[in-house]
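Peer 1: Task: produce atomic coordinates for the following.
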Amino acid sequence: MNKLLIFTIYLLSTVFFSAQKISYDDFFEKESLRIDFLLYGMYDHQNAVIHQLKKEPYFGGGTSGQLIFPAYGTYHFLAKDKASEQLIFSKGFSPIFQEWQATDEAKHITKSFENSIQMPFPKREIIIEIQKRNNQGRFETILQHVVNPSDMSIVKEQPKKYPVHPILNNENPKNKVDIAIIAEGYTLEEMPKFMEDAQRLINYFFTIPPFTKYKNDFNIYAIQSPSEESGTDIPGENSYKNTLLDSKFYTFGEPRYLTTFSNFKIADVAANVPYDQVYILVNTERYGGGGFYNVMNIVSSRNALSDKVFVHEFGHGMVGLADEYYDASMGGSDYYHLAVEPWEPNITSLVNFEQKWKKKIKKNIPIPTPRIDQYKNEVGVFEGGGYTAKGIYSPVQDCRMKSNVPDGFCPVCTDAIDKTIEFYKN
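Peer 2: Coordinates of the predicted model:
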């Protein structure tokens, strides 16, 4: 048994047993603690520093079973009770900073990126840690900080109020998937347009399996957060707009890559509601979007393919699914280390395939599986995925995580979505 497998078993067992022992009411209040921090560094190193702590009125969770998240993500946030050192909260996430580290710019300059994590507000002192997954798949601590809930430096101001309109209201946020949909690049006069866009995208979302069976397990709030100007930045065309969340295309030089780096502003707006996920609708007809696990989802709202991209990006942001597309003209990449099993549930390097979807493959399907018509509708192990043509494998030849052509998700991605929603329902 290799060291990575031993570590994985240990981590998963820790997650399971910790979830069984923690009582929410023993450690937490009903409000939330927001940790604003900066990740900074260059291509080969990273550090973290606390920017501020805030007490906010809502927390999207609230049950004992939602305190220890699955061990996904390239980063890991955790909180321990200081007195007993018991793990009482943990959550993985994948920030924009990690993608910047893969750019050429990161080889030459140091940059910092905003990040926010929300956890239930503690009743007594805690130790928080931020960890980075290293090249061997193990987490290493890059920040440790003691939080005293009575510390007067914790900001307790009320968030700026924006009109909130429930698109889907199934009440108790404790055991629902709570989504804050935020307007970006819509002026005050364009708020009816925002509501129309949000409703249209949500209507489509619940036509895609497996979300079709979970409509009663979601709360969805539309937050009418106006911008000074309509639209978004398109730097490649020298077009800039004054918008609330500073969204832009051409992220890292990619024309269709739509993001924002203003995570603190996002968290300020989202604080109007209890939320598990944030989805930003950008008022533009240009194609684009982005999704970052347990950080944010963002999409252009008025393109002909916006509905399909909306669902795809949610696969990243809520579930931690990897992109399954790749450039066939390229070989390997620096994004995945082929000697380590990727953490994402829908790709594999075959290093530890037993923990992925091996049980779903029929006995007559070869591993790896050729990308030929004979296996077009089969679950297999198809080379190519995660932006990598060689050495990374996907479950099917095409899926919503690869292109906009399929009607929905493959069986492997569907299972991952099911497990994530059931976690929030716990």
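Peer 1: Show the model's pLDDT score for Phe17.
Peer 2: With respect to pLDDT, Phe17 has a value of 36.
Peer 1: The one 4 residues further on too?
Peer 2: Lys21 is assigned 69 on the pLDDT scale.
Peer 1: and if you look at the one 3 residues further on?
Peer 2: The model reports Tyr24 with a pLDDT of 96.
Peer 1: So it is in contact with Met119, correct?
Peer 2: No - counting by CB atoms under 8 Å, Tyr24 sits too far from Met119 to count as a contact (11.5 Å). To be clear about C-beta, it is placed using only N, CA and C from the backbone, and glycine gets the same treatment.
Peer 1: beta partners for Val155?
Peer 2: In this entry, Val155 is beta-bridged to Lys54, by DSSP bridges.
Peer 1: Look up how far Ile127 lies from it.
Peer 2: 20 Å (CB to CB, to the nearest Å).
Peer 1: How about Ser94?
Peer 2: As for Ser94, its distance to Ile127 is 23 Å (criterion: CB to CB).
Peer 1: Likewise for Phe314?
Peer 2: Plainly put, Phe314 is 32 Å away from Ile127 if you go by CB to CB.
Peer 1: Compare these two and say which is more crowded by neighbours.
Peer 2: Neighbour count, other CB atoms under 10 Å: between Phe314 and Ile127, Phe314 has more, with 23 against 16.
Peer 1: Where do the helices of the stretch 201-350 of the chain begin and end?
Peer 2: 263-270, 306-314 (DSSP state H, counting those that start in this stretch).
Peer 1: Show the low-confidence segments of this structure, by residue range.
Peer 2: Applying pLDDT under 70 to the chain flags residues 1-21, 328-334.
Peer 1: Now do the domain split for the chain, please.
Peer 2: According to automatic domain parsing, the chain is divided into the following domains: 3-147, 164-320.
Peer 1: nearest to Val405, of these?
Peer 2: Comparing the domains of the chain against Val405 with CB to CB, the closest turns out to be domain 164-320 (9.1 Å).
Peer 1: end-to-end on that closest one?
Peer 2: By CA to CA, to the nearest Å, the extent of domain 164-320 from end to end equals 27 Å.
Peer 1: Put the alpha carbons of stretch 399-419 into PDB.
Peer 2: Extracted C-alpha coordinates of stretch 399-419, given in PDB (Å, rounded to 0.1, in the frame of the first residue of the first chain):
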ATOM      1  CA  CYS A 399     -19.900  15.100 -20.500                       C
ATOM      2  CA  ARG A 400     -21.200  18.600 -19.500                       C
ATOM      3  CA  MET A 401     -17.800  19.000 -17.800                       C
ATOM      4  CA  LYS A 402     -16.100  18.700 -21.200                       C
ATOM      5  CA  SER A 403     -18.400  20.500 -23.600                       C
ATOM      6  CA  ASN A 404     -21.800  22.100 -24.100                       C
ATOM      7  CA  VAL A 405     -23.000  19.300 -26.400                       C
ATOM      8  CA  PRO A 406     -24.200  16.600 -23.900                       C
ATOM      9  CA  ASP A 407     -27.600  17.100 -22.400                       C
ATOM     10  CA  GLY A 408     -26.200  16.600 -18.900                       C
ATOM     11  CA  PHE A 409     -23.700  14.900 -16.700                       C
ATOM     12  CA  CYS A 410     -22.100  11.500 -16.900                       C
ATOM     13  CA  PRO A 411     -22.800   8.800 -14.300                       C
ATOM     14  CA  VAL A 412     -19.500   9.600 -12.400                       C
ATOM     15  CA  CYS A 413     -20.200  13.400 -12.200                       C
ATOM     16  CA  THR A 414     -23.900  12.600 -11.300                       C
ATOM     17  CA  ASP A 415     -22.700  10.500  -8.300                       C
ATOM     18  CA  ALA A 416     -20.500  13.300  -7.100                       C
ATOM     19  CA  ILE A 417     -23.400  15.800  -7.400                       C
ATOM     20  CA  ASP A 418     -25.700  13.500  -5.500                       C
ATOM     21  CA  LYS A 419     -23.100  13.100  -2.700                       C
END
